[in-house]
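J.: I would like the atomic coordinates for the input below:
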Amino acid sequence: MVPADLTRIRFVSDAQVSPDGRTVAFVVTELSEERDEYLSQIWLVDTAGGAPRRFTAGPRRDTTPRWSPDGSRLAFVSEREPKKKGQLYVMPLAGGEPTRLTDLRHGVSAPAWSPEGRRLAFISRVGGWVEPDSEEEKRKSRPPRIITTLKYRFNGEGFTYDRRPHVFTVGLDGGEPRQITEGDYDHADPAWSPDGRTIAFASARHDERDRDDVVDIWLVSAEGGAPRRLTSCDRPAGHPAFSPTGDAVAYLGRTVRNAFGRNVRLFTVPTAGGASGCHTESLDRSCGVLGVAPIWSGDGRALTVAAEDEGAVALYRAEPKGGAPRRMVGGPRSISSYSLSRDGAVVAFTASQPDAPAEVFVCGPDGGDERRLTDFNREWKAGVTLARPERFTFARAGFTVEAWIMKPAGFEAGRRYPLLLNVHGGPHAHYGYPFFDEFQVQCGAGYGVLYANPRGSQGYGEAFTTAVVGDWGGGDAADVEAALDEALRRFDWIDPERLGLIGGSYGGFMTSWIVGHSKRFRVACSERAVNVQTSMFGTSDIGYLFNQVELGGVLPWEDFGKYVERSPLTYAKDITTPLLILHSEDDLRCPIEQGEQLFVALKTLRREVVFVRFPDENHELTRSGKPRHRLERFRILLEWFARYLRPA
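T.: Residues are numbered from 1 along each chain as shown. Here you go, the predicted structure:
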């Protein structure tokens, strides 16, 4: 695989099965280098089999397909009009022209049908500075931003303090959308009650909302009015879903506030009020990976959730009235979306494997009778060599660490090859079994690829995931280097003199940290990294809470030494490994000053360092950045490693 293959892959996502279980709607996305944008259409495929057929033909992006309750129509979000954000459309299943239901300045998201099928709820931002119409006004200075809150901007969104997301409803008759929530609060995840009278949503409306991560589930009349809090204001909660009888709401959340790395669990709470009950206590896995609301079975006896599980993402079935959750759909792959038919007899999902981009699958409620319904990348896969990982584990410091290695394209026994060690972000993310273009391109360029899930990674239980908290650069870095030692012991084709290191975000921290403490790597790339804990605390959109929690719960003025000690910049004088620093100029998660400070330090020290800044990109460059930037990044990256590691 080469970088240009990104424009040849068809990325399949968001599988939504119709209420009767006969048809799956899903999204197919392609990267256009010529237009430098993403193009998405909605497709349909019958669960009985047959060729998929395209349902929409918008000029840019059609996404988020959602079935009407009777299955006769699809609602979706479309960027059909130039210079407008995505609006809500509805289109008959039989085809024809879609009907636009909204024309809102900030666009819409999270559409949800009412039970009777005559209305939709959705989220849209309200407020914000308005660009003047006249040229004379446009020449005038913009007004100052008056900030009074900690949570005033967000990566990928920009300034949000004056643009709050609210719940709206709109009818199919073409009337004006109706805003049903009010106030200086964020709202998300609207869900209808079975009788259509009430909407559940997630929102932080408590007095201390600016200083913690607590979010509650609320209920509000579908006509608007004062909302009623359903949960207890003591933990993060989101993604509500009413039971079929409407007497309970399921949701996802953690058991405590301000505790990154703790499992996201499944809860239910009575709609009449009362205590929440947790239904995944015996499942030591996190259930919030996909950001999808739990799905009730038609009889209300079970709920389906996705969970991270040792490098994979699997589906689990939990029974609120008792019994341990059991895995429905698993295996060495990564599920990226899922839905159930109204009676629960058909489960539709998208899943990928390391050598296969995601496709649409269906199975029964117990995971049986699984069938793949699409194969959009068959021809592309037939024309490229894709590497498959070999899994291995090793024991260290009381933990079992899981790792994978991939051979370079054109591998020949008896030869030695350079190796790139990749470190994931998070730190509470994980590597494993999804299709990952990064690894395939690296293998295609002649490198072996090694990746591991050191302590801090999700999917191995809370004790493993939280072991990194307060110890960044300690046991986690030792785990990463131990994975390399184990790979060198097991695989004699690795050239120990040609080792490279790369990571992004927390993985960028690990890269900057390791090269400041080790000379074993010939070259490295630190991307969108955490390099200075003290400044990130005050400049990141989440730093005031994230850095505090991840460093063990201390504030900078309480233990400034801890922040300095766990900052790679502190050890810049010890970095002699040639370092490529990649950063996006609009990154609000790990702001570009994090890259700037390390670059200036290394340049002052006369070290070999290159700083690449991507304009108009945020923290998500490698996942959703402009296609040309993603391709250019690959070119820069591969040229940098080739200069020092000489791949075949």
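J.: only C-alpha atoms for contact and neighbour calcs from this point on.
T.: Noted.
J.: what's the following helix or strand after the strand or helix carrying Asp479?
T.: Following DSSP states H and E, one finds Asp479 within helix 475-490. Once the chain leaves helix 475-490, the next helix or strand it forms, by DSSP H and E, is strand 494-504.
J.: SS state for the residue of the chain positioned farthest from its centre?
T.: No residue in the chain sits farther from the centre than Glu136, which is 42.1 Å out by Cα atoms, centre = their mean. Judged by DSSP: H, G, I helix; E, B strand; the rest coil, the three-state class of Glu136 is helix.
J.: angle of the helix holding Asp479 against strand 494-504?
T.: Angle between the axes of helix 475-490 and strand 494-504 is 150 degrees (criterion: axes from the mean of the first three to the mean of the last three Cα atoms, to 10 degrees).
J.: for helix 475-490, which positions count as buried?
T.: Buried residues in helix 475-490, counted by 16 or more other Cα atoms under 10 Å: Gly475, Asp476, Ala477, Ala478, Asp479, Val480, Glu481, Ala482, Ala483, Leu484, Ala487.
J.: per-residue confidence at the nearest residue to the fifth one once chain neighbours are set aside?
T.: So the one you mean is Asp479. Of all residues not flanking Asp479 in the chain, Pro454 sits nearest, at 5.3 Å (Cα to Cα, 6 or more residues apart in numbering). Pro454 carries a pLDDT value of 98.
J.: show me what contacts Pro454?
T.: Residues near Pro454 by Cα atoms under 8 Å, 6 or more residues apart in numbering: Val401, Glu402, Asp476, Ala477, Asp479, Val480.
J.: run the last query once more with 7 Å
T.: Residues in contact with Pro454 (Cα atoms under 7 Å, 6 or more residues apart in numbering) are Val401, Asp476, Asp479, Val480.
J.: Kindly report the same for Leu266.
T.: By Cα under 7 Å, 6+ apart, the neighbours of Leu266 are Tyr251, Leu252, Gly253, Cys278, His279, Thr280.
J.: So which residues of the stretch 1-150 of the chain form strands?
T.: Using DSSP state E, counting those that start in this stretch, the strands of the stretch 1-150 of the chain run over 11-17, 23-32, 37-46, 53-54, 62-67, 73-78, 87-92, 99-100, 109-113, 119-127.
J.: ok, and what's touching the first one?
T.: What it means is strand 11-17. 23-30, 64, 66, 337-341, 348-350, 357-360.
J.: Can you select the buried ones among these for me in PyMOL?
T.: Buried subset of these, written as a PyMOL selection, criterion 16+ other Cα under 10 Å:
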select buried, resi 23+24+25+26+27+28+29+30+64+66+337+338+339+340+341+348+349+350+357+358+359+360
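J.: isn't there a helix covering Phe641?
T.: Yes. Phe641 sits within a helix when classified using three-state DSSP.
J.: what's the neighbour count on it?
T.: Residues near Phe641, counting by other Cα atoms under 10 Å, number 28.
J.: cool, Gly95 as well?
T.: For Gly95, the neighbour count with other Cα under 10 Å is 11.
J.: Tell me the spacing between it and Thr64.
T.: In this structure, Gly95 and Thr64 are 17 Å apart, going by Cα to Cα, to the nearest Å.
J.: now Ile542
T.: Distance of Ile542 to Thr64, computed by Cα to Cα: 27 Å.
J.: swap in Gly246?
T.: From Gly246 to Thr64 the distance is 25 Å (Cα to Cα).
J.: Repeat that for Cys287.
T.: Taking Cα to Cα as the measure, Cys287 and Thr64 are separated by 21 Å.
J.: re the thing from before, just the buried ones from the contacts of Leu266?
T.: Listed as buried from the contacts of Leu266 are Tyr251, Leu252, Gly253, Cys278, His279, Thr280; burial here means 16+ other Cα under 10 Å.
J.: So which of those residues are in strands?
T.: Tyr251, Leu252, Gly253, Cys278 (DSSP state E).
J.: The first one is in contact with Phe267, isn't it?
T.: Yes. Using Cα atoms under 7 Å, Tyr251 is in contact with Phe267, at 5.4 Å.
J.: Show me this protein divided up by domain.
T.: Annotated domains of the chain cover 62-132+148-346+361-372, 385-645 [automatic domain parsing].
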